[in-house]
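*Asks:* 3D model of this:
(2 chains)
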Protein chains: 2
Amino acid sequence: MPKPTPSDAPADDLEQGSTLMPRFDRDGLIAAVATDAATGDVLMLAWMNADALRLTVDTGIAHFWSRSRSKIWKKGEESGNLLRIAEMRVDCDQDAIWMKVRVEGAGVACHTGARSCFYRIVPVGESGSARLTRGS
Amino acid sequence: MPKPTPSDAPADDLEQGSTLMPRFDRDGLIAAVATDAATGDVLMLAWMNADALRLTVDTGIAHFWSRSRSKIWKKGEESGNLLRIAEMRVDCDQDAIWMKVRVEGAGVACHTGARSCFYRIVPVGESGSARLTRGS
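*Replies:* As a prediction, this is how the structure comes out:
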């Protein structure tokens, strides 16, 4: 029976193992998507560094890395619209995080005041100069 | 009435306008998350370059950029598990795409054979050596 080679053993651990081994990109970040635990709507997609991920796991409140401000960002710290985690998942190759959340405070996840950051629909499969439309 | 300055006019267009102006990163990529149109479950998170985004919008079938293979990747082209777009959205600052999809073929989105790439739960708010558990 052949021994696992160094190149396939880690891949198996990564995809099938029970240890969280997040694969941060070259900026030290991992993509994290938050969906509404009740509706399944995607609320936002942002980035975590190792500290933000650890704070999120430890506290159950979503923390991100603000690329524009270069600092840890406890989402909703000022507005009160914290994202409380109902469930967190990691994907097959551990380079993405999914959080099912409940939005506290006013229930608004987007800085524009929209419930979700994804408030505009992109027309698909249509010809001509397609325009974004506002979704619910 | 003050004229809009160059610095705030684009931000307003970006966030409130009806023109798709995707903000690709320095590798020319934008994050794209696919959720199951029926259940709201996140199926996968991957990357699109401008060509992949255009192909997706034009055909209604999700195309990505494979970072490992450095080529356009029509998801499910070999397996038959194409992602047919029910609705596409863009976020406030246009650096992320959300697609509600129906998975064709065997209904499997992950290369591991799982329905979703996010098949492992990360324990949150617990102490000790937390282990990933398999979710439904």
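*Asks:* For the rest of this, base every contact and every neighbour count on C-alpha atoms.
*Replies:* Fine.
*Asks:* Give me the neighbour count for the closest residue to A:Leu20 other than its chain neighbours.
*Replies:* The shortest distance from A:Leu20 to any non-neighbouring residue, by CA to CA, 6 or more residues apart in numbering or on different chains, is to B:Leu132 (6.6 Å). Other residues within reach of B:Leu132, judged by other CA atoms under 10 Å in any protein chain shown, total 18.
*Asks:* tell me the contacts of B:Leu132?
*Replies:* The contact partners of B:Leu132, by CA atoms under 8 Å, 6 or more residues apart in numbering or on different chains, come to A:Gly17, A:Ser18, A:Thr19, A:Leu20, B:Arg120, B:Ile121, B:Val122, B:Pro123.
*Asks:* and the gap between the fourth one and A:Val108?
*Replies:* From A:Leu20 over to A:Val108 the distance is 30 Å, taken as CA to CA, to the nearest Å.
*Asks:* And for the fifth one?
*Replies:* For B:Arg120, the distance to A:Val108 equals 28 Å [CA to CA].
*Asks:* For those two, work out which one has more neighbours and name it.
*Replies:* B:Arg120 (24 against 21).
*Asks:* Hmm, B:Arg131 and that one touching each other?
*Replies:* No: in this structure B:Arg120 lies outside contact range of B:Arg131 using CA atoms under 8 Å: 9.7 Å.
*Asks:* For beta bridges, what are the partners of A:Trp73?
*Replies:* Counting by DSSP bridges, A:Trp73 is bridged to A:Phe64.
*Asks:* Which residues are in contact with it?
*Replies:* By CA under 8 Å, 6+ apart, the contact list for A:Trp73 reads A:Ala52, A:His63, A:Phe64, A:Trp65, A:Ser66.
*Asks:* which of those has the most neighbours?
*Replies:* Compared across the contacts of A:Trp73, A:His63 has the highest neighbour count, 27 neighbours, by other CA under 10 Å.
*Asks:* For that one, which non-adjacent residue is spatially closest?
*Replies:* Using CA to CA, 6+ apart, the nearest residue to A:His63 is A:Lys74, at 4.5 Å.
*Asks:* cool, A:Leu14 as well?
*Replies:* A:Leu14 sits nearest to A:Asp93 (CA to CA, 6+ apart), 6.0 Å away.
*Asks:* Mind checking which residue lies nearest the centre of chain A?
*Replies:* Nearest to the geometric centre of chain A sits A:Ala32, at 1.7 Å (CA atoms, centre = their mean).
*Asks:* quick one: what helix or strand has it in it?
*Replies:* Element membership for A:Ala32, per DSSP states H and E: strand A:30-36.
*Asks:* Give the next helix or strand downstream of that strand.
*Replies:* Next along from strand A:30-36, by DSSP H and E: strand A:42-48.
*Asks:* which stretches of chain A form strands?
*Replies:* All strands of chain A, identified by DSSP state E, fall at A:30-36, A:42-48, A:63-66, A:71-74, A:83-90, A:96-103, A:120-122, A:133-134.
*Asks:* Any chance of the ones you listed in CSV with distance to B:Arg115 and mean pLDDT as columns?
*Replies:* Converted to CSV, those look like this (distance: least, CA to CA, whole Å; pLDDT from 0 to 100):
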stretch, distance to B:Arg115, mean pLDDT
strand A:30-36, 18, 98
strand A:42-48, 18, 98
strand A:63-66, 27, 98
strand A:71-74, 32, 98
strand A:83-90, 14, 98
strand A:96-103, 15, 98
strand A:120-122, 25, 97
strand A:133-134, 30, 94
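*Asks:* Make JSON lines from those and add distance to B:Thr112 to it.
*Replies:* Converted to JSON lines, the strands of chain A look like this (distance: least, CA to CA, whole Å):
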{"stretch": "strand A:30-36", "distance to B:Thr112": "20"}
{"stretch": "strand A:42-48", "distance to B:Thr112": "24"}
{"stretch": "strand A:63-66", "distance to B:Thr112": "28"}
{"stretch": "strand A:71-74", "distance to B:Thr112": "33"}
{"stretch": "strand A:83-90", "distance to B:Thr112": "14"}
{"stretch": "strand A:96-103", "distance to B:Thr112": "16"}
{"stretch": "strand A:120-122", "distance to B:Thr112": "30"}
{"stretch": "strand A:133-134", "distance to B:Thr112": "36"}
